[in-house]
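In: Sequence and predicted structure, then a few things I'm wondering about:
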Amino acid sequence: MLYTADVWCAGLVAKGTGKRLNGRGARGFASKMARVQRMATLMIMGGMRSTASDILDAHVNVLPFQQTLRKICFKSTLRLATLPDSHPLARDIKTAYDYGAARNFNKPKRHPSPLHKLLYKFKINPTEMEKILPVRHYPKWKADVEVWIAGKKEEAAEEDELANEDLRVYADGSAIEGGVGAVAVLMRGEEVIDELRFHLGKDRDHTVSHTAVTLPLINTYN
């Protein structure tokens, strides 16, 4: 029901702005959706038709519809502001913000885009937001780390004797004395640099196979 709400309801974040910015179609659609939410809360609570919508929302533990729209638009604006500079929209987002900042966000454009409306309302500066760059690799990229999984204890001991790498990580998971856990040890030569243990819980709630998910996280931490 709220698909692409950050586009069509960008001018309805605050009450009354829809009419002032000629958002008649969106304002009417938002009112209809607020009625749908009221119908749902009435059915959940089994209340009378004369019950106020705010009381129904509070008892059902849902936000008033106006606040729901505001939350969606704010999350969308925040997500746009954190896009890396390599993203195709990054330049347009900064331009839209700079346009509003130069006018103290008081004089909107004559024909503002949803992007301008969102940045005018929330005033989120994209240059002050942390950028999380996506991790990319060449299709033929191969990891520099070699992984060896021994099938038996004897094979593991033999591979340990033959290992000549300066930096090594040993990891394993097991169930003992009613508990299930995982451990990783970081070694340089014959010296133990660091080790990390993680207790998943009781063996009635977890199995040794669950440690297969935990071990990569432990190795990454190390």
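Out: Received, thanks. Numbers count the residues shown, from 1 in each chain.

In: so what does the strand or helix carrying Ser174 touch, helix or strand wise?
Out: According to DSSP states H and E, Ser174 maps onto strand 167-176. Packing partners of strand 167-176 (3 or more Cβ pairs under 8 Å, 6 or more residues apart in numbering; DSSP states H and E): strand 179-188, helix 211-221. Using the backbone N, CA and C atoms, a C-beta is placed for each residue, glycine as well.

In: Which of the three states applies to the residue sitting nearest the centre point of the chain?
Out: Central residue of the chain (Cα atoms, centre = their mean): Arg79, 9.2 Å from the mean position. The three-state label given to Arg79 by DSSP: H, G, I helix; E, B strand; the rest coil is helix.

In: Just the pLDDT at it, thanks.
Out: For Arg79, the pLDDT comes out at 90.

In: Start at 37, not 1
Out: Got it, the first residue is 37 from now on, which makes the last one we talked about Arg115.

In: Kindly provide the distance from it to Pro162.
Out: For Arg115, the distance to Pro162 equals 11 Å [Cβ to Cβ, to the nearest Å].

In: Quick one: mean pLDDT over stretch 94-110.
Out: 87.

In: Could you list the alpha-carbon positions for it in PDB?
Out: Below are the C-alpha coordinates for stretch 94-110, written out as PDB (Å, rounded to 0.1, in the frame of the first residue of the first chain):
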ATOM      1  CA  ALA A  94      -2.600   3.700  20.500                       C
ATOM      2  CA  HIS A  95      -4.400   0.500  21.600                       C
ATOM      3  CA  VAL A  96      -3.300  -1.500  18.500                       C
ATOM      4  CA  ASN A  97       0.300  -0.100  18.900                       C
ATOM      5  CA  VAL A  98       0.600   1.300  15.400                       C
ATOM      6  CA  LEU A  99       1.700   4.800  14.400                       C
ATOM      7  CA  PRO A 100      -0.900   7.300  13.200                       C
ATOM      8  CA  PHE A 101      -0.900   7.300   9.400                       C
ATOM      9  CA  GLN A 102       0.700  10.700   9.100                       C
ATOM     10  CA  GLN A 103       3.600   9.600  11.300                       C
ATOM     11  CA  THR A 104       3.900   6.400   9.200                       C
ATOM     12  CA  LEU A 105       4.300   8.500   6.100                       C
ATOM     13  CA  ARG A 106       6.900  10.700   7.800                       C
ATOM     14  CA  LYS A 107       8.900   7.600   9.000                       C
ATOM     15  CA  ILE A 108       9.000   6.100   5.600                       C
ATOM     16  CA  CYS A 109      10.100   9.400   4.000                       C
ATOM     17  CA  PHE A 110      12.800  10.000   6.600                       C
END
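
In: can you list the residues that contact it?
Out: 38, 41-42, 45-46, 48-51, 66, 69-70, 73, 77, 80-81, 89-90, 93, 154, 157-158 (Cβ atoms under 8 Å, 6 or more residues apart in numbering).
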